[in-house]
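Visitor: Next input, structure requested:
(one chain, ligands or ions: 2)
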Amino acid sequence: MDKLVIEGGKPLSGTIVIQGAKNAALPILAASMLVEGVVTIEHVPKLLDIDVMLNILRELGCRAEHEDQTVQLDTTSLHSSHIPEALMRQMRSSIFLMGPLLARFGEVTIYQPGGCAIGERKIDLHLSGLEALGAQIVEEDSRITCYAKRLKGAEIHLDLPSVGATENIMMAAVLAEGLTTLSNAAREPEIQDLQNFLNSMGAKIIGAGTDTITIEGVEKLTPCRYQVIPDRIVTGTIMVAAAATRGQVTLLNTCPSHLTSLIHVLRRTGVQIAVDGDIIKVGAAARPKAVDRIVTSPYPAFPTDMQSQIMVLLALADGVSVMKETIFEGRFKHVDELSRMGADIRVDLSSAYIRGVSRLYGATVEATDLRAGAALVIAGLAAQGKTVVEQVHHIDRGYDQIESMLGRLGARITRYSPVESNPIVP
Ligand SMILES: CC(=O)N[C@H]1[C@@H](OP(=O)(O)OP(=O)(O)OC[C@H]2O[C@@H](n3ccc(=O)[nH]c3=O)[C@H](O)[C@@H]2O)O[C@H](CO)[C@@H](O)[C@@H]1O
Ligand SMILES: C=C(OP(=O)(O)O)C(=O)O
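Guide: Numbering: from 1, shown residues only. Ligands and ions are numbered 1, 2, ... in the order given. Coordinates of the predicted model:
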């Protein structure tokens, strides 16, 4: 497994262009299976999860190429709707294929998906949503088969606003007969992006970004060319890294309106943020201030995907901060690792109590999941001395060569692979 070696203590400085959003690109790639022909998706980052998705699509008979951030998919020879268990288990987002493949083939076989160890992550809402659209679902051990000659529009209420279930139901309902109304839908920007993509292919969806989404089924879609939105979590990660190292960074290709809750929290810590169109400038010179209470909740509240990164800034703040995690019960695994670097954090059930210290110290730490890994990289950049972050494959799921990105901002960060003990020069 690769590891990152970071010499900390250098403020980040410079300009960076933000990659396209993983969490928008993944469902959009899956939704492309609804149409027959050649679909072109731009601003698709080079990530492990994207590679896994493209490998699954190839396995199903789709032709897939990914060059210069552009994915071209030819779905004409798609011949299977059976996703092998080994591929299904490589990531959570494999579940996005359930709705589109069912809608296109009238049948899909999947297995329980894999993913980061951040919580239980059930798929009951995905399944009950498809059932409401008329699918017959047969579960045998980890294998799930869904059948429906043609899905039928329905009124569906989600017990909780699941991002993935909202997207899966939207994708399935696009080719269903009649009208689907989805209430208590998730409102994340990536859902709006999926709506825009599907509508570009001729779907009739309104309401994404609100809690009620209406999908009028159509007979057929036509292929399109589409560009995914900027990644708000990568943007947020760099903003926090700039703040934690007391640097000055300009971020290009951002969507500031997707980051309102994070910007609000960062300003409360004393970080200077200037927004101009799709450009964000972040600067911090002094020690951050503690924030009494942050609660992760569905969009537009504070995102769970930024919880571990902001915790690093709070670990260096003046005072005590409280962070409550309400989405994933297992998302405090970075706390033990940060403690090894000198952080003073106590976890009690779903809350973390963070007593800021004036300095973190380099250590050897392990990325336990994607965002925990990103947090440890930020901690390493801000710490005094050398930090080694192990299990970097978790970080590669969501950040396109994090070491090159941060290196361009002056960070002293090098990737080592176990095969050659030489550093990997990007
Ligand atoms: C690829 C992608 O977009 N991933 C994001 C998506 O994941 P994902 O779509 O998996 O997250 P969900 O919104 O579905 O999960 C939210 C909560 O709902 C629960 N739940 C979900 C589905 C279900 O059928 N039953 C159920 O109980 C989950 O266990 C979790 O506690 O939203 C999460 C919450 O913002 C983010 O952290 C992930 O980065
Ligand atoms: C948890 C995440 O992703 P996924 O849902 O793909 O596991 C994430 O992006 O932070």
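
Visitor: From ligand 1, how far off is the closest residue to residue 259 other than its chain neighbours?
Guide: Spatial nearest neighbour of residue 259, chain neighbours left out: residue 232 (5.5 Å); criterion: C-beta to C-beta, 6 or more residues apart in numbering. For glycine as for every other residue, the C-beta is placed from the backbone atoms N, C-alpha and C. The gap separating residue 232 from ligand 1 is 11 Å, by C-beta to the nearest ligand atom, to the nearest Å.

Visitor: Next, the contact list for residue 232, please.
Guide: Taking C-beta atoms under 8 Å, 6 or more residues apart in numbering, we find residue 232 in contact with 21, 189, 254-255, 258-259, 303.

Visitor: Look at the residue in the stretch 151-300 of the chain that ligand 1 sits nearest to and say how many residues are nearby.
Guide: Closest to ligand 1 within the stretch 151-300 of the chain is residue 164: 2.8 Å, counting by C-beta to the nearest ligand atom. The local packing count at residue 164 equals 23, with neighbours defined by other C-beta atoms under 10 Å.

Visitor: Next: residue 220.
Guide: Taking other C-beta under 10 Å as the criterion, the count of residues near residue 220 is 10.

Visitor: Is it in contact with residue 201, as I believe?
Guide: No. Counting by C-beta atoms under 8 Å, residue 201 is not a contact partner of residue 220; they are 9.4 Å apart.

Visitor: what about residue 1, neighbour count?
Guide: If you count neighbours by other C-beta under 10 Å, residue 1 ends up with 11.

Visitor: oh sorry, the question was meant for residue 202
Guide: So residue 202, with other C-beta under 10 Å, has 15 neighbours.

Visitor: Hmm, it is touching residue 223, no?
Guide: No. Using C-beta under 8 Å, residue 202 makes no contact with residue 223, being 9.6 Å away.

Visitor: Roughly how far does the residue of the stretch 151-300 of the chain closest to ligand 1 sit from ligand 2?
Guide: For residue 164, the distance to ligand 2 (C-beta to the nearest ligand atom) stands at 7 Å.

Visitor: On the three-state scheme, that residue is what?
Guide: helix (DSSP: H, G, I helix; E, B strand; the rest coil).

Visitor: Could I get the pLDDT score of it?
Guide: Residue 164 is assigned 97 on the pLDDT scale.

Visitor: Who are the contact partners of it?
Guide: 27, 92-93, 95-96, 123, 126.

Visitor: 10 Å - rerun?
Guide: Residues in contact with residue 164, defined by C-beta atoms under 10 Å, 6 or more residues apart in numbering, are 23, 26-27, 92-93, 95-96, 98-99, 113, 121, 123, 125-126, 186, 191.

Visitor: Tell me the most packed of those, by neighbour count.
Guide: Each of those was scored for neighbours by other C-beta under 10 Å, and residue 99 scores highest at 33 neighbours.

Visitor: tell me what the host helix or strand of residue 52 is packed against?
Guide: Taking DSSP states H and E as the definition, residue 52 sits inside helix 48-59. Applying 3 or more C-beta pairs under 10 Å, 6 or more residues apart in numbering; DSSP states H and E, one finds that helix 48-59 makes contact with helix 22-31, strand 63-67, strand 70-74, helix 85-88, helix 393-396.

Visitor: Quick one, which of these gets closest to ligand 2.
Guide: Using C-beta to the nearest ligand atom as the criterion, the shortest distance between ligand 2 and the helices and strands packed on helix 48-59 is 5.7 Å, found for helix 22-31.

Visitor: ok now do residue 224, which residues does it touch?
Guide: Taking C-beta under 10 Å, 6+ apart as the definition, contacts of residue 224 comprise 32, 35, 37-41, 197-202.

Visitor: give me the low-pLDDT residue ranges for the stretch 51-200 of the chain?
Guide: Applying pLDDT under 70 to the predicted model, the residue ranges of the stretch 51-200 of the chain that meet it are 115-116.

Visitor: mind giving me the domain ranges of this structure?
Guide: Structural domains annotated on the chain: 3-19+230-424, 22-227, as defined by automatic domain parsing.

Visitor: what's the most distant pair in the contacts of residue 224?
Guide: The span of these, defined through C-beta to C-beta, is set by 38 and 199 at 18.6 Å.

Visitor: Dihedrals phi and psi, residue 417?
Guide: phi -110, psi 150 (degrees, to the nearest 10).

Visitor: Spatially nearest residue to it (excluding sequence neighbours)?
Guide: If the residues on either side of it in the chain are set aside, residue 417 comes closest to residue 2, at 5.0 Å by C-beta to C-beta, 6+ apart.

Visitor: ok, now residue 418?
Guide: Residue 418 sits nearest to residue 1 (C-beta to C-beta, 6+ apart), 6.4 Å away.

Visitor: so the one you found makes contact with residue 395?
Guide: No. Here residue 1 lies out of contact with residue 395, judged by C-beta atoms under 10 Å, at a distance of 11.0 Å.

Visitor: Kindly point out which residues are neighbours of both of those two.
Guide: Counting by C-beta under 10 Å, 6+ apart, the common neighbours of residue 1 and residue 395 are residue 367.
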